[in-house]
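*Asks:* requesting a structural model of the entry that follows:
(chains A and B)
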Amino acid sequence: MDIIVCVKHVPDVAGAEILIDESGKKIKKGDLPFEINEWDEYAIEEAILIKERLGTGSVTAITIGDEETEATLRRCLAKGADKAIRVHDDAFEDSDAYAIAKILYNAIKDLPFDLVFTGLQTNDEGYGQVGGILSEFLEIPHASLVKKIEITDKLIEVNRELEGGLEEVLELQLPALLTIQTGINEPRYVSIMGIRKAKKKELQVISLNELELTPEEVGISGSWLQIEELSIPKPTKQVVILDDATKIAEVLRARGLI
Amino acid sequence: MSIFVLVEHRQGEIRDITFEMLSKCKEISKTTAVLLGNDVEQFVDPLKGYADTIMVVKDEKLEYFNSRTYQMVLSHLINENKPLLTLIGHTSYGIDLAPGLAIKLQIPLATDCADFFLEDGQVRIVRQMYGGKVDAKATLKKSDSYLITIRPASFESTEPESKDSEVINIESPLKEELIGKRFIKYVEPEISDVDITASDILVSIGRGIKEDKNIPVIEELATVLGATISCSRPIVDKGWLDKGRQVGTSGKTVKPKLYLALGISGAFQHAAGMKDSELVIAINKDANAPIFNVSDFGIVDDLFKVVPELTQKINEMKGT
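*Replies:* Below is the predicted model of the structure:
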């Protein structure tokens, strides 16, 4: 089974104060640490687990971005992916999920695959639509929010997460695309041995002129959505910040909760 | 100009998101509620007064939601009727359906929108990014039809208007059985040993707990408060607590007298499940965590410092 996993190198905003830049349309990413998108970490793990279980096949990780995003590809290789592809061009700047899906489609359509995985969504923009669009371009069935995968020859059974703890089981024909939900597995840590092996693995770099895409089909001109303005959300409640535990205990007593 | 709203239903019930979207749209424009399914007559009456028109497509092949069959029927209806805008919930169904539908129709899509505006045939949307830390305003590329998915609980459901709705039955465009994707069954959530929705006080933990060996410190606090322990999604993903204790869109919705959020960032999916609690107190190291936006009181500090102090203080007050 050959599996392609689309991954993204994203800023880690947990614990950080986000600042909007002068254009008002982007955040200042300068000081933020970057890492693999949380959902993609589960997606790459699931691909590697399937390959290990079947004892055959390949796992290819692909990302779109500049040289810095190779850190995320190296992480995938160190965990057990066989090959990595990075697609980059200055014309990709400001691409939305639609344009990103077009780039991914052109980069993978001629590769052999039985399964394509993406994370359900990203920590940063969180559109949750690249996988669905990509499957339509590839003309293959897809399922989103996948929490379990069982493979039988040319068919797979997947559990999708619905609301309130309910799941549904679907049967899909291969090849298929799945968008992976967190919690589907326990992502492994990267081992020293893995990092060493990763250095010898292939990391291919592709640019726009190697794809069947024009500059107009990517970036802002090739996107559906154009950001006009970013802002920091206003609270729905006015929170009162207390100094210490004693103050909380007093609030609880005043409300009759102790 | 008209707006289509997809009626979302499952297991014999219309989902709340449907009424939220319809309530919003009736302020704006002529609205058509699009109802697809098999045994769906039961849903027509409850939709009356929420839309000018209820468009019904009945077909055995629509018995269960399937993005492929829904895509085929909706693309047919949208092509025939050319609504300016089609709204679908940003739910497990909408996430599965909307992206492929937009490509099939060749119309622009914006997902997970908290609000939208129509101005001169152009659609502007508002949505969150970066785990709820940023609000974005964006414009969709000019088109004669648009598709957007709406985040649950963004709009309030209002009471239906007294006027009647026109019901139009449309013949199903589905001819042969679609292959490639087939519904098999639902899997109901496992019955949990605890019902967090029945508890007056919830002590809820999130990613900030860091390791499962830290849970006993929280249990001590829960014991002195007579509270039940609940959690956010990452705790269940890691297998530290049962799914039955998860608060949020994919878990339970709770309204306790006190919700104590410990190390929970408070992204939308979590906040949607607890924001109606009577009193919310959050403890988080990150002063910018969105949980503080839905809290009454907060402490910006390390929970491992605050929690033991709080346990001790409550014990003192109780005179033990």
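*Asks:* so who does the closest residue to chain B within chain A touch?
*Replies:* Going by C-beta to the nearest C-beta, chain B is nearest to A:Gly132 of chain A, at 2.8 Å. All C-beta spots, glycine's among them, are computed from the backbone N, C-alpha and C. The contact partners of A:Gly132, taken as C-beta atoms under 8 Å, 6 or more residues apart in numbering or on different chains, are A:His142, A:Ser144, A:Thr179, B:Ser67, B:Ile95, B:Asp96, B:Leu97, B:Ala98, B:Pro99, B:Gly100.
*Asks:* and with 6 Å instead?
*Replies:* Counting by C-beta atoms under 6 Å, 6 or more residues apart in numbering or on different chains, A:Gly132 touches B:Pro99, B:Gly100.
*Asks:* ok, which stretches of the chain are helices?
*Replies:* I went with chain A, as the question did not name one. For chain A, the helices defined by DSSP state H cover A:38-54, A:70-79, A:97-108, A:130-138, A:192-199, A:245-254.
*Asks:* chain B, not that one
*Replies:* B:16-25, B:41-47, B:67-81, B:92-105, B:215-225, B:233-237, B:268-271, B:303-317.
*Asks:* mean pLDDT for those - can I get that in CSV?
*Replies:* Converted to CSV, the helices of chain B look like this (pLDDT from 0 to 100):
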stretch, mean pLDDT
helix B:16-25, 97
helix B:41-47, 96
helix B:67-81, 97
helix B:92-105, 98
helix B:215-225, 97
helix B:233-237, 95
helix B:268-271, 94
helix B:303-317, 96
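*Asks:* and those, which is most packed in?
*Replies:* Greatest average neighbour count among the helices of chain B goes to helix B:92-105 (a mean of 25), per mean count of other C-beta atoms under 10 Å in any protein chain shown.
*Asks:* find the nearest non-adjacent residue to whichever residue of chain B sits closest to chain A, please.
*Replies:* Per C-beta to the nearest C-beta, B:Pro99 is where chain B lies closest to chain A, at 2.8 Å. In space, and not counting its chain neighbours, B:Pro99 is closest to A:Gly132: 2.8 Å by C-beta to C-beta, 6 or more residues apart in numbering or on different chains.
*Asks:* next, the contact list for residue 125, please.
*Replies:* No chain in the question, so chain A it is. So A:Glu125 contacts B:Met129 (C-beta under 6 Å, 6+ apart).
*Asks:* oops, wrong one, chain B.
*Replies:* B:Ala110, B:Cys113, B:Phe116, B:Ala138.
*Asks:* can you tell me how far it sits from A:Leu211?
*Replies:* The gap separating B:Ile125 from A:Leu211 is 29 Å, by C-beta to C-beta, to the nearest Å.
*Asks:* same check, this time on A:Gly183
*Replies:* 34 Å.
*Asks:* same deal with A:Leu32?
*Replies:* Applying C-beta to C-beta, the value for A:Leu32 to A:Leu211 is 29 Å.
*Asks:* same question for A:Ile220.
*Replies:* Plainly put, A:Ile220 is 18 Å away from A:Leu211 if you go by C-beta to C-beta.
*Asks:* A:Lys79: how many residues sit nearby?
*Replies:* 23 (other C-beta atoms under 10 Å in any protein chain shown).
*Asks:* and it, what does it touch?
*Replies:* Under the criterion of C-beta under 6 Å, 6+ apart, the neighbours of A:Lys79 are A:Ile48, A:Arg188, A:Val190.
*Asks:* okay, it: pLDDT?
*Replies:* In this model, A:Lys79 is scored at 98, pLDDT.
*Asks:* get me the contact residues on the stretch 151-300 of chain B for chain A.
*Replies:* By the rule C-beta under 6 Å from any C-beta of the partner chain, the part of the stretch 151-300 of chain B lying against chain A is B:180-187, B:189, B:237, B:243, B:249-250, B:258, B:286, B:288, B:292-295, B:297-299.
*Asks:* make a ChimeraX selection of the buried ones in the residues you listed.
*Replies:* If you want just the buried ones from those in ChimeraX, going by 16 or more other C-beta atoms under 10 Å in any protein chain shown, the selection is:
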select /B:181,182,187,189,237,243,249,250,258,286,288,292,293,294,295,297,298,299
